[in-house]
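*Asks:* Predicted structure and sequence below. I'll ask about it afterward.
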Amino acid sequence: MGSLALSRAEVLDQPAPSIAGEVARIAREQLAPLAAGIDAGTVYPAEVLRQFGEVGAWGSHVPHEGPADLRCAIQAMSAIGEVCGSTAFMAWCQNTLVWYAANSTNMTLAKRFGDAFSTGRVLGGTGLSNPMKSFFGIEKLKLKGRKVEGGYIVRGALPWVSNLGPGHYFGTIFEREDEPGIASGDPGTVMFLADCSDSAITLTPCKPFLAMDGTGTYGVQFRDAFVPDELILADPAGPFVKKIRAGFILLQAGMALGLIKDCINIMDEVDNPLGHINRYLPQQPVHFRDLAAELETETMMLARDPYNEEETYWRKVIALRLRAGEASVAAAHAAMLHCGARGYLKSHRAQRRLREAYFVAIVTPATKQLRKMLADS
């Protein structure tokens, strides 16, 4: 575990800069025309997500010989987020799914899914919203499972899981009803991959959201679904979650960084016609440029070492994520005020950015959970 005291040049120097560049190109050329439809919920950009996978967007953070590095993945997600916050969220879902498979000690699972997930041939998401709240005393686990020959039978329902569709997978956790892991100190939890094509797993469309309707978000019902041993990510789940939790949270910084950068762009775009009056607003683009640079530098420092087990490191990850969510809302709010009435039009992306920013602040772990985590740690 190396020191986090690195220069901005060092932390921004990462192994595959061409990946973020290619992702940015695809985002401009292929994603930008779809952004309004994704926001409205009429488009789920499966093919663009696969294109991102083809240029390496989902594979750069796969551990090699032990260490893992999240910097390129975050920078690629930021490039997506500059164009579409909903797709940046789907990028986080896919990257997190890759993160689960890449860290599992189930070699059968890793061999079957590792390359399929990291190349984007198979898409999917993360169902850890409820478990992450459960582990920090906010909710009870909604899925229950019992051991049977060759696997588990799982029942229950998750209200919202994203980046799903036919043939997709997602990772989630159930609580064992039969033999809680008392000996191991784990409360009897198991993490697994759920197969959306399973007839015992039902996807139900959600009621319309304020934003994010094109993100393949569904309520998921497990009706005594059989989960074979080949789909078990970790049993028990507790130690595995502790290993992957920093990466899970740090990857979300990509959503925030991209959104903040585009909010700065929006403010710059209206400077010529409205700068004479906007100069009276307390928050200016230069303030957010400085803030974005600071957040990016700290993110890149932490992203070099996602397996760091020190409590001081974990607190820094939580605090960074909290600041990133709050900065997203502040930047989008400022962009709306700089645009004035033109930003209030449904056709203007400033109002979309504001709605997306609130999602960054409330997606698990939300602002209030992050504050609780800091208070408890």
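*Replies:* Looks like it came in fine. Residues are numbered from 1 along each chain as shown.
*Asks:* make it CA atoms for all contacts and neighbour counts henceforth
*Replies:* Noted.
*Asks:* Now do the SS call for residue 306.
*Replies:* Three-state call for residue 306 (DSSP: H, G, I helix; E, B strand; the rest coil): coil.
*Asks:* List the contacts of it.
*Replies:* 68, 69, 70, 244, 246, 247 (C-alpha atoms under 8 Å, 6 or more residues apart in numbering).
*Asks:* Which parts of the protein belong to which domain?
*Replies:* 8-123, 126-240, 244-376 (automatic domain parsing).
*Asks:* what about the strands in this structure?
*Replies:* Using DSSP state E, the strands found in the chain span residues 124-126, 143-148, 151-161, 169-176, 189-195, 201-205, 218-228, 232-234.
*Asks:* can I get these in TSV with distance to residue 44 and mean neighbour count?
*Replies:* Output for the strands of the chain, formatted as TSV (distance: least, C-alpha to C-alpha, whole Å; neighbours: other C-alpha atoms under 10 Å):
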stretch	distance to residue 44	mean neighbour count
strand 124-126	12	29
strand 143-148	27	18
strand 151-161	14	20
strand 169-176	16	24
strand 189-195	19	24
strand 201-205	13	17
strand 218-228	13	19
strand 232-234	27	25
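*Asks:* Name the spans of the stretch 101-250 of the chain whose pLDDT lies under the cut-off.
*Replies:* In the predicted model of the stretch 101-250 of the chain, residues 179-187 satisfy pLDDT under 70.
*Asks:* Which of the contacts of residue 306 fall within helices?
*Replies:* Judged by DSSP state H, the contacts of residue 306 include 244, 246, 247 as members of helices.
*Asks:* Out of the strands of the chain, flag the one nearest residue 345.
*Replies:* Of all those, it is strand 201-205 that lies closest to residue 345, at 27.7 Å by C-alpha to C-alpha.
*Asks:* from the chain's centre, how far out does that closest one sit?
*Replies:* Computed by C-alpha atoms, centre = their mean, to the nearest Å, the chain-centroid distance of strand 201-205 equals 21 Å.
*Asks:* Then stretch 348-364?
*Replies:* Counting by C-alpha atoms, centre = their mean, stretch 348-364 comes out at 14 Å from the chain centroid.
*Asks:* can you dump the C-alpha coordinates of it into PDB?
*Replies:* The C-alpha coordinates for stretch 348-364 follow below in PDB (Å, rounded to 0.1, in the frame of the first residue of the first chain):
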ATOM      1  CA  HIS A 348     -32.400  22.400 -22.900                       C
ATOM      2  CA  ARG A 349     -29.900  20.000 -21.300                       C
ATOM      3  CA  ALA A 350     -29.400  22.200 -18.200                       C
ATOM      4  CA  GLN A 351     -32.700  21.000 -16.700                       C
ATOM      5  CA  ARG A 352     -31.700  17.400 -17.600                       C
ATOM      6  CA  ARG A 353     -28.400  17.900 -15.800                       C
ATOM      7  CA  LEU A 354     -30.200  19.200 -12.700                       C
ATOM      8  CA  ARG A 355     -32.400  16.100 -12.600                       C
ATOM      9  CA  GLU A 356     -29.400  13.800 -13.200                       C
ATOM     10  CA  ALA A 357     -27.400  15.600 -10.500                       C
ATOM     11  CA  TYR A 358     -30.000  14.800  -7.900                       C
ATOM     12  CA  PHE A 359     -29.700  11.100  -8.800                       C
ATOM     13  CA  VAL A 360     -25.900  11.200  -8.200                       C
ATOM     14  CA  ALA A 361     -26.800  12.600  -4.700                       C
ATOM     15  CA  ILE A 362     -29.400   9.900  -3.900                       C
ATOM     16  CA  VAL A 363     -28.100   6.700  -5.600                       C
ATOM     17  CA  THR A 364     -26.800   4.200  -3.000                       C
END
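*Asks:* Could you pull out the buried residues of it?
*Replies:* 348-361, 364 (16 or more other C-alpha atoms under 10 Å).
*Asks:* Same question for stretch 369-377.
*Replies:* For stretch 369-377, the neighbour count (16+ other C-alpha under 10 Å) marks 369, 370, 373 as buried.
*Asks:* quick check, nearest of these to residue 337?
*Replies:* residue 370 (27.6 Å).
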